[in-house]
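Next comes the sequence, and after it the predicted model I'd like to discuss.
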Amino acid sequence: MPFVSGEYLNDVLAPQILRELKDDKADFFAAIPNSPANTITDEGLRLHLLRETQEADINPGADYVDGDVVALDVNKLLIPWDIISTKPMQVTKDEIRASVFDRQSEIRVQTNRVLRRKYRDYVLHNLAPADSSDAKLPVLRTTGADDGTGRRRLIVDDLITYQKMLRSINLDQESEDWYIRLSNEHVTDLLIDTKSNQTFRDLYHKTPSGEMMNVYGFKFFRGNHQILFATGGAKKAIGAAAIATDRNASIFWTPAMVTKSIGMVTAHLNPMSQDTRSNPPKEEFRLTGYIQAQLKHETGTGAIVSGIV
């Protein structure tokens, strides 16, 4: 459909894109809850960050006194939106006239697709621990053999170790809510590690697709976006260039502890009908999304990072 006007874009098209982003149920995205509507404001996302302060006694022998009383530890925050903006995409009148397909429609489709992909990448990256210093956001380095590049493979023993790390921080509902989005390297590592074990292979390999099925309490997803950790354990900025000693990570989360939100989508159009100077006249279009993804508690995510030989 041609871009009719700015009013059409932001009264019809932008709300439609916003609904599509909020209702995205594909693979891992469905396992990260959307923020409640009452937490979304024009300025940002309102969150109550909670810490567990309740305690319990067995066979309490005396009345409780003032010093025994505990209270909720609630940190109220307004977290400003981050912004994703696609680059302006241009089409000229001559290109439209000479084309055998609807170029304006294709620009809309491509721009929407890229915004969706960047939002998904952003959410996963934002939820990943900033570094390996906090035991409540556990980061494990893989311990398998060298894959030939100086990177240690992920092995099943690492998953068992990581399960132990998560149990030590007492995350509830592990059988239902332990998710790991595996990097492509780690999917391959697990398949190689278990391919000689016929029983394991028959139970946990999806032979037609070449993927690992859920195992040891973890539900697996996979994807192309790679999150990098530096040698010292710090997560690299999204889009940062990789160096030889950086390693890809698989990201762990449990849905009760995380939230994602997109507050608004704005469509920007510089229409051909208002281009008074260019020959041939041209039109430009882009999208801007206001987004956020955060932990709701002091725990709930982690990472498995390839080790360095």
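On my side now, so go ahead. Residues are numbered from 1 along each chain as shown.

quick one: low-confidence ranges for the protein?
When the per-residue scores of the chain are filtered using pLDDT under 70, the ranges that remain are 1-26, 48-51, 59, 73-75, 100, 172-176, 210.

Find the centremost residue of it, please.
Most central residue of the chain, judged by C-alpha distance to the mean C-alpha position with C-alpha atoms, centre = their mean, is residue 124 at 1.8 Å.

tell me the contacts of that one?
Contacts for residue 124 (C-beta atoms under 8 Å, 6 or more residues apart in numbering) come out as 28, 181, 223, 225, 227, 251. Every C-beta, even on glycine, is put in place using the N, C-alpha and C of the backbone.

And for the third one, the neighbour number?
Spelled out, it's residue 223. By the other C-beta atoms under 10 Å criterion, the neighbourhood of residue 223 contains 19 residues.

Could you tell me the phi and psi values at it?
phi -170, psi 170 (degrees, to the nearest 10).

for the nearest residue to it once chain neighbours are set aside, what are its contacts?
Distance criterion C-beta to C-beta, 6 or more residues apart in numbering; nearest residue to residue 223, sequence neighbours excluded, is residue 181 at 6.0 Å. By C-beta under 8 Å, 6+ apart, the residues touching residue 181 are 28, 124, 220, 221, 222, 223, 250, 251.

So the second one, which state does it fall into?
Right, the one you point to is residue 124. Under the three-state scheme (DSSP: H, G, I helix; E, B strand; the rest coil), the conformation of residue 124 reads as helix.

Relative to residue 40, how far out is it?
Look at residue 124 and residue 40: by C-beta to C-beta, to the nearest Å, they are 20 Å apart.

do the fourth one as well
Separation of residue 221 from residue 40 (C-beta to C-beta): 26 Å.

what ranges do the helices span in the stretch 51-200 of the chain?
93-98, 103-127, 156-168, 174-177, 184-194, 198-204 (DSSP state H, counting those that start in this stretch).

Out of those, which is the most enclosed?
Ranked by mean neighbour count under mean count of other C-beta atoms under 10 Å, those are led by helix 184-194, which reaches a mean of 20.

For that one, give me every contacting residue.
142, 144, 147, 151, 153-156, 159, 182, 200-201, 204-205, 210-212, 220, 222-224, 226, 248, 250, 304, 306.

Let's see which of those residues end up in strands.
Using DSSP state E, 182, 205, 211, 212, 220, 222, 248, 250, 304 are the members of those that sit in strands.

Check these and tell me the two furthest apart.
Greatest spatial distance in these: 205 and 248, 21.4 Å, computed using C-beta to C-beta.

tell me which residues form a beta bridge with residue 269?
Per DSSP bridges, the residues bridged to residue 269 are residue 285.

re the thing from before, who wins for proximity to residue 266 among the helices of the stretch 51-200 of the chain?
Proximity to residue 266 (C-beta to C-beta) singles out helix 103-127 among the helices of the stretch 51-200 of the chain, at 10.9 Å.

just how off-centre is that closest one within its chain?
Mean C-alpha position of helix 103-127 versus that of the full chain (C-alpha atoms, centre = their mean, to the nearest Å) differs by 13 Å.

now do stretch 270-290
Per C-alpha atoms, centre = their mean, the centroid offset for stretch 270-290 relative to its chain is 32 Å.

again with stretch 188-205
On the basis of C-alpha atoms, centre = their mean, stretch 188-205 sits 27 Å off its chain's mean C-alpha point.

now do the same end-to-end measure for that stretch.
Taking C-alpha to C-alpha, to the nearest Å, the first and last residues of stretch 188-205 lie 11 Å apart.

Quick check: the residue nearest to the centre of the chain vs residue 203, distance?
For residue 124 relative to residue 203 (C-beta to C-beta), the value is 28 Å.

which ones are touching residue 32?
The contact partners of residue 32, by C-beta under 8 Å, 6+ apart, come to 123, 127, 253, 255, 258, 259, 260, 293.

between those, which is nearest residue 270?
Residue 270 lies nearest to residue 123 out of the contacts of residue 32, by C-beta to C-beta, at 29.7 Å.

pretty sure the closest one is touching residue 260, no?
Yes. With contact defined as C-beta atoms under 8 Å, residue 123 and residue 260 form a contacting pair (4.8 Å).

what touches both of the two?
Both residue 123 and residue 260 are in contact with 32, 291, 293, where contact means C-beta under 8 Å, 6+ apart.

circling back to that earlier point, ranking the contacts of residue 181 by neighbours, who comes first?
The most crowded member of the contacts of residue 181 is residue 250, carrying 32 neighbours; neighbours defined as other C-beta under 10 Å.
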